[in-house]
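S.K.: build me a model:
(one chain, ligands or ions: 2)
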Amino acid sequence: MQFNVASLLKEPVGSVRNYTLDEEEVRLEDLQVAPFHGAVRFTRTEKGVWVHARVDTAVSCTCSRCLAVYSQRLEFTFDEEFFPTVDVQTGARLPLPPPESDAFTIDAHHLLDLTEVIRQYALVSIPMKPLCRADCRGLCPTCGANLNRGPCACPAPTPDPRWETLRRLLASKKHDNP
Ligand SMILES: [Zn+2]
Ligand SMILES: [Zn+2]
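M.R.: Numbers count the residues shown, from 1 in each chain. Ligands and ions are numbered 1, 2, ... in the order given. Take a look at the predicted model:
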(Lines give C-alpha, C1' and ligand atoms only; values in the text may rest on other atoms or scores of the structure.)
(Ligands and ions follow the chains in the order given, each with its own letter.)
Protein backbone atom coordinates (compact mmCIF):
# COMPACT_ATOMS: atom_id res chain seq x y z
CA MET A 1 0.00 0.00 0.00
CA GLN A 2 2.46 2.56 -1.26
CA PHE A 3 1.78 6.10 -2.45
CA ASN A 4 4.25 8.33 -4.24
CA VAL A 5 4.09 11.66 -2.42
CA ALA A 6 6.88 13.45 -4.36
CA SER A 7 4.52 15.97 -5.94
CA LEU A 8 2.65 16.59 -2.67
CA LEU A 9 5.97 17.23 -0.90
CA LYS A 10 6.72 19.96 -3.46
CA GLU A 11 3.45 21.72 -2.69
CA PRO A 12 2.80 24.28 0.06
CA VAL A 13 1.81 23.31 3.61
CA GLY A 14 -1.89 22.45 3.74
CA SER A 15 -2.04 20.83 0.28
CA VAL A 16 -4.20 17.71 0.28
CA ARG A 17 -4.56 14.39 -1.59
CA ASN A 18 -7.49 12.01 -1.11
CA TYR A 19 -7.48 8.32 -2.01
CA THR A 20 -10.01 5.54 -1.76
CA LEU A 21 -8.76 2.07 -0.88
CA ASP A 22 -10.64 -0.97 -2.16
CA GLU A 23 -8.89 -4.31 -2.23
CA GLU A 24 -10.18 -7.87 -2.21
CA GLU A 25 -7.50 -8.76 0.31
CA VAL A 26 -4.39 -7.22 1.75
CA ARG A 27 -1.40 -8.94 3.32
CA LEU A 28 -0.03 -6.88 6.20
CA GLU A 29 3.09 -8.96 6.75
CA ASP A 30 1.83 -11.63 9.19
CA LEU A 31 -1.78 -10.44 9.06
CA GLN A 32 -4.18 -11.11 6.20
CA VAL A 33 -7.25 -8.88 5.99
CA ALA A 34 -10.11 -9.17 3.50
CA PRO A 35 -12.01 -7.42 2.07
CA PHE A 36 -10.32 -4.08 2.58
CA HIS A 37 -12.04 -0.72 2.22
CA GLY A 38 -10.90 2.67 3.35
CA ALA A 39 -10.16 6.25 2.61
CA VAL A 40 -7.00 8.22 3.26
CA ARG A 41 -6.26 11.92 3.25
CA PHE A 42 -2.67 13.15 2.97
CA THR A 43 -1.99 16.71 4.09
CA ARG A 44 1.35 18.43 3.56
CA THR A 45 2.71 19.62 6.89
CA GLU A 46 5.76 21.73 7.67
CA LYS A 47 7.91 18.63 8.18
CA GLY A 48 6.17 15.90 6.21
CA VAL A 49 2.78 14.40 5.43
CA TRP A 50 -0.11 14.02 7.84
CA VAL A 51 -2.15 10.89 7.17
CA HIS A 52 -5.77 10.60 8.24
CA ALA A 53 -7.25 7.20 7.39
CA ARG A 54 -10.51 5.36 7.86
CA VAL A 55 -10.38 1.58 7.44
CA ASP A 56 -13.16 -1.00 7.26
CA THR A 57 -11.88 -4.54 6.90
CA ALA A 58 -12.08 -8.00 8.43
CA VAL A 59 -9.71 -10.63 9.72
CA SER A 60 -10.09 -14.34 10.31
CA CYS A 61 -10.44 -15.03 14.07
CA THR A 62 -11.05 -18.07 16.26
CA CYS A 63 -14.01 -17.67 18.63
CA SER A 64 -12.82 -17.85 22.25
CA ARG A 65 -15.99 -19.74 23.29
CA CYS A 66 -16.83 -22.20 20.49
CA LEU A 67 -13.45 -22.25 18.67
CA ALA A 68 -15.13 -21.68 15.29
CA VAL A 69 -13.16 -19.65 12.77
CA TYR A 70 -15.11 -16.58 11.70
CA SER A 71 -14.57 -13.26 10.00
CA GLN A 72 -14.12 -10.45 12.57
CA ARG A 73 -14.92 -6.99 11.25
CA LEU A 74 -12.32 -4.34 12.08
CA GLU A 75 -13.17 -0.66 11.77
CA PHE A 76 -10.76 2.03 12.83
CA THR A 77 -9.46 5.46 12.03
CA PHE A 78 -6.02 6.84 12.69
CA ASP A 79 -3.88 9.95 12.32
CA GLU A 80 -0.12 9.70 11.90
CA GLU A 81 2.55 11.99 10.54
CA PHE A 82 5.13 10.59 8.09
CA PHE A 83 8.53 12.23 7.72
CA PRO A 84 10.64 12.34 4.53
CA THR A 85 14.16 10.88 4.68
CA VAL A 86 15.32 12.74 1.57
CA ASP A 87 14.71 16.37 0.60
CA VAL A 88 12.39 16.25 -2.43
CA GLN A 89 13.92 19.42 -3.94
CA THR A 90 17.64 18.81 -3.43
CA GLY A 91 17.86 15.01 -2.95
CA ALA A 92 19.88 15.62 0.23
CA ARG A 93 19.49 13.14 3.09
CA LEU A 94 17.40 14.52 5.95
CA PRO A 95 18.04 13.78 9.63
CA LEU A 96 15.97 10.76 10.69
CA PRO A 97 13.50 11.10 13.53
CA PRO A 98 14.89 9.53 16.74
CA PRO A 99 14.27 5.74 16.67
CA GLU A 100 12.50 5.83 20.04
CA SER A 101 9.86 8.17 18.60
CA ASP A 102 8.46 5.30 16.47
CA ALA A 103 7.82 7.89 13.76
CA PHE A 104 6.88 6.68 10.30
CA THR A 105 9.11 7.66 7.41
CA ILE A 106 8.80 8.23 3.65
CA ASP A 107 11.54 6.35 1.78
CA ALA A 108 14.24 7.80 -0.48
CA HIS A 109 11.98 7.32 -3.52
CA HIS A 110 9.24 9.44 -1.85
CA LEU A 111 7.07 6.38 -1.30
CA LEU A 112 4.79 6.54 1.70
CA ASP A 113 3.94 2.97 2.73
CA LEU A 114 0.80 2.49 4.84
CA THR A 115 1.30 -1.26 5.38
CA GLU A 116 2.99 -1.08 8.80
CA VAL A 117 0.74 1.60 10.29
CA ILE A 118 -2.43 -0.22 9.17
CA ARG A 119 -1.02 -3.49 10.49
CA GLN A 120 -0.39 -1.92 13.91
CA TYR A 121 -3.88 -0.38 14.15
CA ALA A 122 -5.53 -3.58 12.85
CA LEU A 123 -3.74 -5.68 15.50
CA VAL A 124 -4.89 -3.50 18.40
CA SER A 125 -8.47 -3.46 17.13
CA ILE A 126 -8.76 -7.27 17.23
CA PRO A 127 -10.76 -8.10 20.39
CA MET A 128 -8.81 -9.75 23.25
CA LYS A 129 -11.54 -12.39 23.51
CA PRO A 130 -12.95 -12.77 20.02
CA LEU A 131 -16.56 -13.97 19.85
CA CYS A 132 -18.21 -15.29 16.67
CA ARG A 133 -21.36 -13.55 17.93
CA ALA A 134 -22.29 -11.77 21.16
CA ASP A 135 -24.55 -14.63 22.33
CA CYS A 136 -22.25 -17.51 21.33
CA ARG A 137 -23.26 -20.55 23.44
CA GLY A 138 -19.81 -22.10 23.34
CA LEU A 139 -18.96 -25.78 23.71
CA CYS A 140 -20.54 -28.32 26.07
CA PRO A 141 -17.99 -28.83 28.89
CA THR A 142 -18.84 -32.57 28.94
CA CYS A 143 -18.99 -33.73 25.31
CA GLY A 144 -17.47 -30.74 23.50
CA ALA A 145 -20.43 -30.28 21.14
CA ASN A 146 -20.88 -26.81 19.65
CA LEU A 147 -24.04 -25.62 21.43
CA ASN A 148 -24.71 -23.02 18.71
CA ARG A 149 -25.79 -25.96 16.53
CA GLY A 150 -28.39 -27.06 19.10
CA PRO A 151 -28.43 -28.85 22.47
CA CYS A 152 -26.30 -31.96 22.95
CA ALA A 153 -27.41 -35.27 24.47
CA CYS A 154 -25.74 -34.66 27.85
CA PRO A 155 -28.03 -34.59 30.90
CA ALA A 156 -28.61 -31.20 32.50
CA PRO A 157 -25.92 -30.48 35.13
CA THR A 158 -26.83 -31.97 38.51
CA PRO A 159 -26.53 -29.75 41.61
CA ASP A 160 -23.34 -30.30 43.61
CA PRO A 161 -24.31 -32.59 46.54
CA ARG A 162 -21.87 -30.75 48.86
CA TRP A 163 -24.23 -27.78 48.88
CA GLU A 164 -27.32 -29.85 49.66
CA THR A 165 -27.31 -29.11 53.44
CA LEU A 166 -26.95 -25.38 52.89
CA ARG A 167 -29.68 -25.40 50.25
CA ARG A 168 -32.05 -27.17 52.68
CA LEU A 169 -31.17 -24.74 55.45
CA LEU A 170 -31.89 -21.74 53.19
CA ALA A 171 -35.17 -23.29 52.07
CA SER A 172 -36.27 -23.80 55.70
CA LYS A 173 -35.24 -20.22 56.60
CA LYS A 174 -37.37 -18.91 53.76
CA HIS A 175 -40.18 -21.00 55.16
CA ASP A 176 -39.69 -19.55 58.68
CA ASN A 177 -39.59 -15.89 57.61
CA PRO A 178 -41.90 -15.41 54.68
ZN1 LIG B 1 -18.46 -18.80 19.06
ZN1 LIG C 1 -22.69 -32.28 25.86
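S.K.: show me which residues of this structure are close to ligand 2?
M.R.: Cys140, Thr142, Cys143, Ala145, Cys152, Cys154 (Cβ under 5 Å from the ion). C-betas here are computed from N, CA, C, even on glycine.
S.K.: contacting residues for the fourth one?
M.R.: Contacts of Ala145 were listed using Cβ atoms under 8 Å, 6 or more residues apart in numbering, and they are Leu139, Cys152, Cys154.
S.K.: neighbour-wise, which one of those leads?
M.R.: In terms of neighbour count, Leu139 stands highest of these at 18 neighbours, by other Cβ atoms under 10 Å.
S.K.: just confirm that residue contacts Leu147, I think it does.
M.R.: Yes: under the criterion of Cβ atoms under 8 Å, Leu139 makes contact with Leu147 at 6.7 Å.
S.K.: list residues touching both of these two?
M.R.: Common neighbours of Leu139 and Leu147 (Cβ under 8 Å, 6+ apart) are Cys66.
S.K.: how far away is the nearest residue to Val16 once chain neighbours are set aside from Thr77?
M.R.: Spatial nearest neighbour of Val16, chain neighbours left out: Thr43 (5.2 Å); criterion: Cβ to Cβ, 6 or more residues apart in numbering. Distance of Thr43 to Thr77, given as Cβ to Cβ, to the nearest Å: 15 Å.
S.K.: these two: which is more packed in?
M.R.: When Thr43 and Thr77 are compared for neighbours, Thr43 comes out ahead with 18 against 12, by other Cβ under 10 Å.
S.K.: work out for me the element the more buried one sits within.
M.R.: strand 31-44 (DSSP states H and E).
S.K.: how many residues are close by Glu164?
M.R.: By the criterion of other Cβ under 10 Å, Glu164 has 10 neighbours.
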